[in-house]
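1. My questions concern the predicted model and sequence given below.
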Amino acid sequence: MYIKSAREIEIMKAAGEIVALTFEKLKEVIKPGITTKELDQIAEKFIRDNKGTPAFLGYNGYPASICTSINEEVVHGIPGGRVLKDGDIVGIDIGVVYNGYCGDAARTFEVGIVTENAKRLIEITKESFFKGIIMAVEGKRVQDISNAIQTFVESNGYSVVRDLVGHGIGKNMHEAPQVPNYGRAGKGPRLKAGLTIAVEPMVNESGFHVKTLSDGWTVVTLDGSLSAHYENTIAITTGEPKILTMV
C-alpha cells in the first residue's frame, strides 16, 4: 500500500474537486431526452477546461470519458446513443487525472420522476457509503469498512455486489488495497494515515449476482433489478477520514 504525503493528498484533492464539479455540471443537464453520449461530451469538455484529463478514456481500452449505467446496469456502462427516459436512474462514474494524481467518484441520479423504490435505493446506497467511512480511521482494518456497508445495506432489504470492489488510488486509478463492500469485520490490511482509497458501494434492489454484457464492460444485475452506485475518494488521517471528491 502506497502512503501519500500531505502534499500528494492536496493534489488528489484538486483532482477530486474537478470530479465533484463535473457532477454539478452534469446534474444541470440530466433530464429526459438527453443521450449518454451527450453527457460524456459535456463531462470531457468540462474536465479538460479545468486542466484535468479524463482518467477512464483509453483505460484498459475503455472508449469513453465517463461511465453511464442505467437502471439494471451496475457499473461501466458505455455512453452512446441511448436516450434517458422519465423514470430512469443513471449511475455516473467519473475519474480525473490532475498533475499526475487521480480522483474517482460516482453518483446515481434520478431522471425526471422516478418511483419511490428507486429513490429509496439511491438514498440507501449513498447512506451506506457514509456508514462505511465511520470505520475508515487509522488502526481499523479494510473490512471494518466493508462490514459496516454490508450490514447497513442488508438491514434495509438490499444486497451489495460482491464481484466488484473499491480500491486504493493515487498516481494510479487502481492501487492496493482492494476495498470490498462486504466481509467480516477485523479482516484485511490495517488502515494507516496517508492511505487513499475509493469506497464505492454498489447496491442491488434484489440479488447480488451480476453478469458482464457482450461489450465486455457493462455489468448488469443478473435478475434485472435496479442497481445504484455511490463512490468517493477518501484519505485516511489520524482523525476522521477526509473526503477528496466533494465540494
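-> Perfect, thanks for sending it.

2. what's the host helix or strand of residue 109 packed up against?
-> With elements taken from DSSP states H and E, the one containing residue 109 is strand 101-110. In terms of contact count using 3 or more C-beta pairs under 8 Å, 6 or more residues apart in numbering; DSSP states H and E, strand 101-110 is assigned the packing partners helix 6-27, strand 89-98, helix 116-133, strand 227-229, strand 232-235. The C-beta positions use only the backbone N, C-alpha and C, and glycine is treated the same way.

3. by contact count, what packs against the second one?
-> Read it as strand 89-98. Using 3+ C-beta pairs under 8 Å, 6+ apart as the contact definition, the elements that strand 89-98 packs against are helix 6-27, helix 36-49, strand 53-54, strand 66-70, strand 73-75, strand 101-110, helix 116-133, strand 227-229.

4. just the angle between that strand and helix 36-49, please?
-> Strand 89-98 and helix 36-49 meet at an angle of 20 degrees, taking axes from the mean of the first three to the mean of the last three C-alpha atoms, to 10 degrees as the criterion.

5. Tell me the buried residues in strand 89-98?
-> Neighbour-count burial for strand 89-98, with 16 or more other C-beta atoms under 10 Å as criterion, is recorded at 89-98.

6. Run me through the strand neighbours of that strand, direction for each.
-> Each strand that pairs with strand 89-98, with its direction, by DSSP bridges: strand 53-54 (antiparallel), strand 66-70 (antiparallel), strand 101-110 (antiparallel).

7. Make TSV out of these and add mean pLDDT and distance to residue 230.
-> Conversion of the strands paired with strand 89-98 to TSV gives the following (pLDDT from 0 to 100; distance: least, C-beta to C-beta, whole Å):
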stretch	mean pLDDT	distance to residue 230
strand 53-54	98	20
strand 66-70	98	12
strand 101-110	98	6
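
8. So which of those is nearest residue 2?
-> Residue 2 lies closest to strand 101-110 among these, at 11.2 Å (C-beta to C-beta).

9. For the closest one, what is the distance to the chain centroid?
-> 5 Å (C-alpha atoms, centre = their mean, to the nearest Å).

10. out of the helices and strands packed on strand 101-110, deepest packed?
-> Taking mean count of other C-beta atoms under 10 Å as the contact definition, the stretch among the helices and strands packed on strand 101-110 with the greatest mean neighbour count is strand 227-229, which reaches a mean of 29.

11. Average pLDDT for that strand, rounded please.
-> Here strand 227-229 scores 99 as its mean pLDDT.

12. From the contact counts, what lies against that strand?
-> The helices and strands touching strand 227-229, judged by 3+ C-beta pairs under 8 Å, 6+ apart, are strand 73-75, strand 89-98, strand 101-110, helix 116-133, strand 202-204.

13. packing partners for the last one?
-> Right, strand 202-204. Secondary structure elements in contact with strand 202-204, counted by 3+ C-beta pairs under 8 Å, 6+ apart, are strand 73-75, helix 116-133, strand 159-160, strand 227-229.
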